[in-house]
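Enquirer: Sequence plus predicted model, see below.
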Amino acid sequence: MTSASGARAQGLPLIRDTEIEGLLQDYSRPIFQAAGFGGGRVTVRIINNDAFNAFVLDGANVFVNTGTLMQANTPNEVIGVIAHESGHIAGGHMAALRSRIAKDQTRALLTQVLGLGAMVAGGVSGGSSGRDTVQGGAAMLQGGSSVIMKGLLAERRSQESAADQAGMKYLTATKQSGKGMLDTFERFKEQEYLSDQFQDPFVRSHPLSVERLARLGQLARTSAFFDQKDPPSLQLRHDLMRAKLSGYLETPAAVFNRYPETNKTLPARYARAIAKFFRGGPGALEASVQDTDAIIRENPSYPYFYELRADFLMRSGKTAAAIPSLRQALKLAPDSPLIRVQLASALQDSNHDDAPKEAVELLRKSLVEDPENGHAYRLLANIYYKQGRAPEADAMTAQAFFCEGDIKQAQVFAKRAQLKLRSGSPEGLKNDDIINYKPQT
């Protein structure tokens, strides 16, 4: 599990993980197809935030907090959230809101919009900083036209209701229950009576009402699939995801409290293996590897246990020892660009004569499948620098900065690379795109 650059996600704190991303793809694929935007047009992205929230900012991404994934007890709850957010995308709600705002160019409305934007940002971010932003946004709203803002907020409530109905339609079309979506909104309904300081960000960004919840409940309960259960195999993958997030994101003490030694289930053992490593101390690596090896013996075809073993070793500086586990993980999950990058990183740190060549092949293939991975570009740049291929290295560094949202630095390296790159080459064309890129204002 790694952090990721946020250029494509409006600067939000993304994390990347093959196992979790694969599961979310399986959750979202039928919903996206039912909504009419299959084929990879929309991606589910993971935000490192412990608040329960999900949101859309454009027509290409659904953002889901790690807090949502950890608090959702069943796959159906997460699927319901994705279905609702898909309703926003299909309805063009963000574009409609921006269009409405753009129609009034007065200074008063600009002040209003800044306030609304601050409130939305607060709902997204969560935490104390999110609460401060919401309160600051509310203060700005007090000075502008309440009539205009009431209209905007009414439109937002209308959009939420429309997203509910669309989400339920997608769930029915895919023969899935709407119970998860209903449970989610019912869980947070009582928080509407709390002040902003204590409300979950999900409530602020998804305003509820008694009428809306009643309509949602009627739609869900009249579906022929209301009592449809998640398959046990999918529930297990969901529980493994929650265990992994707990192991990597919570303190070891919290993990052992959530998954005590008396819990012998596979997810609990998964979480404890991770927590033992991060607890540190003498023998921590050995204990975590031993626990992971026991899990692997019982589940030899699950690629992410091998990936976990390799991660422990690489974090401990035992790069060469991690390579066999990564090769096995990639063998079992051959379509995983992130595992390719991890293997390339391990090879780059090894002393094998053929390692640079193999690492370049792995990285280039991973970037075809996952072209926004800044870390992969940096690894490729490092190899090229060592090989004396400075123009190509500068071009890869430019791509890395671009993925990370640092357009200024990206253009510095792109212009440096342009002097010696072959005109018309793939690297040269991408380099030209960076040089000519103008950020939207």
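Expert: Great, that's in hand.

Enquirer: Verify the contact between Pro303 and Ala333 for me.
Expert: Yes. The pair Pro303 / Ala333 is scored as a contact, 4.0 Å apart, by C-beta atoms under 8 Å. For glycine as for every other residue, the C-beta is placed from the backbone atoms N, C-alpha and C.

Enquirer: Can you tell me the SS state at the most centrally placed residue in the chain?
Expert: Against the mean C-alpha coordinate of the chain, by C-alpha atoms, centre = their mean, the closest residue is Ile46 at 1.5 Å. Here Ile46 is recorded as strand under DSSP: H, G, I helix; E, B strand; the rest coil.

Enquirer: Spell out the secondary structure type for the residue nearest to it when sequence neighbours are not counted.
Expert: Leaving out its chain neighbours, the residue that sits closest to Ile46 by C-beta to C-beta, 6 or more residues apart in numbering is Ile15, at 5.2 Å. Assigned by three-state DSSP, the conformation of Ile15 is strand.

Enquirer: isn't Gln228 right up against Thr174?
Expert: No. Counting by C-beta under 8 Å, no contact exists between Gln228 and Thr174, whose distance comes to 10.0 Å.

Enquirer: gap between the helix or strand containing Val64 and the chain center?
Expert: Using DSSP states H and E, Val64 sits within strand 61-65. Mean-position distance between strand 61-65 and its chain equals 6 Å (C-alpha atoms, centre = their mean, to the nearest Å).

Enquirer: got it, and stretch 361-369?
Expert: The answer for stretch 361-369 is 21 Å, by C-alpha atoms, centre = their mean.

Enquirer: Enumerate the positions of that stretch that are buried.
Expert: Residues 362-363, 366-367 are the ones in stretch 361-369 that count as buried (16 or more other C-beta atoms under 10 Å).

Enquirer: follow-up on the earlier one: for the residue nearest to Ile46, list each beta-bridge partner.
Expert: Beta-bridge pairing for Ile15 (DSSP bridges): Ser3, Ile46.

Enquirer: Identify all contacting residues around stretch 15-25.
Expert: 1-4, 44, 46-48, 64, 66, 69, 78, 82, 237-238, 240-241, 244-245, 304, 307, 333, 336, 338-339, 373 (C-beta atoms under 8 Å, 6 or more residues apart in numbering).

Enquirer: Of Pro303 and Ala333, which one has the most company?
Expert: Pro303 (22 against 19; other C-beta atoms under 10 Å).

Enquirer: wait, isn't Thr174 in contact with Ser28?
Expert: No. Contact criterion C-beta under 8 Å: Thr174 and Ser28 do not qualify, at 10.6 Å.

Enquirer: These two: which has the busier surroundings?
Expert: Ser28 (23 against 17).

Enquirer: Just confirm the more buried one contacts Ile82, I think it does.
Expert: Yes. At 5.0 Å, Ser28 and Ile82 qualify as touching, with contact defined as C-beta under 8 Å.

Enquirer: Mind listing the shared neighbours of those two?
Expert: 44, 62.

Enquirer: before we move on, the earlier item: show residues contacting the helix or strand following the strand holding Val64.
Expert: Where DSSP H and E defines the elements, the next helix or strand beyond strand 61-65 is helix 66-71. Helix 66-71 is contacted by residues 15, 20, 46-54, 78, 81, 126, 202, 241-242, 245-246, 249 when judged by C-beta under 8 Å, 6+ apart.

Enquirer: again, only using 6 Å
Expert: 48-52, 54, 242, 245 (C-beta atoms under 6 Å, 6 or more residues apart in numbering).

Enquirer: how about CSV for those, with distance to Gly180 added?
Expert: Output for those, formatted as CSV (distance: C-beta to C-beta, whole Å):
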residue, distance to Gly180
Asn48, 23
Asn49, 20
Asp50, 20
Ala51, 18
Phe52, 13
Ala54, 12
Arg242, 15
Leu245, 18
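
Enquirer: Out of those residues, who's the most crowded?
Expert: Top of the contacts of helix 66-71 by neighbour count (other C-beta under 10 Å): Ala54, with 25 neighbours.

Enquirer: Contact partners for it?
Expert: Per C-beta under 6 Å, 6+ apart, neighbours of Ala54: 64, 68, 81, 85.

Enquirer: ok, the first one to Gly92 distance?
Expert: Look at Val64 and Gly92: by C-beta to C-beta, to the nearest Å, they are 20 Å apart.

Enquirer: After whichever strand or helix holds Asp311, heading C-terminal, what element do we hit next?
Expert: Following DSSP H and E, one finds Asp311 within helix 303-315. Using DSSP H and E, the helix or strand that follows helix 303-315 in sequence is helix 319-332.

Enquirer: what bridges to the nearest residue to Glu85 once chain neighbours are set aside?
Expert: Distances taken as C-beta to C-beta, 6+ apart place Val62 nearest to Glu85, at 4.6 Å, with adjacent residues excluded. Per DSSP bridges, the residues bridged to Val62 are Val44.

Enquirer: Which pair in the contacts of Ala54 has the greatest spatial separation?
Expert: Pairwise distances among the contacts of Ala54 were taken by C-beta to C-beta; the largest, 10.7 Å, belongs to Thr68 and Glu85.
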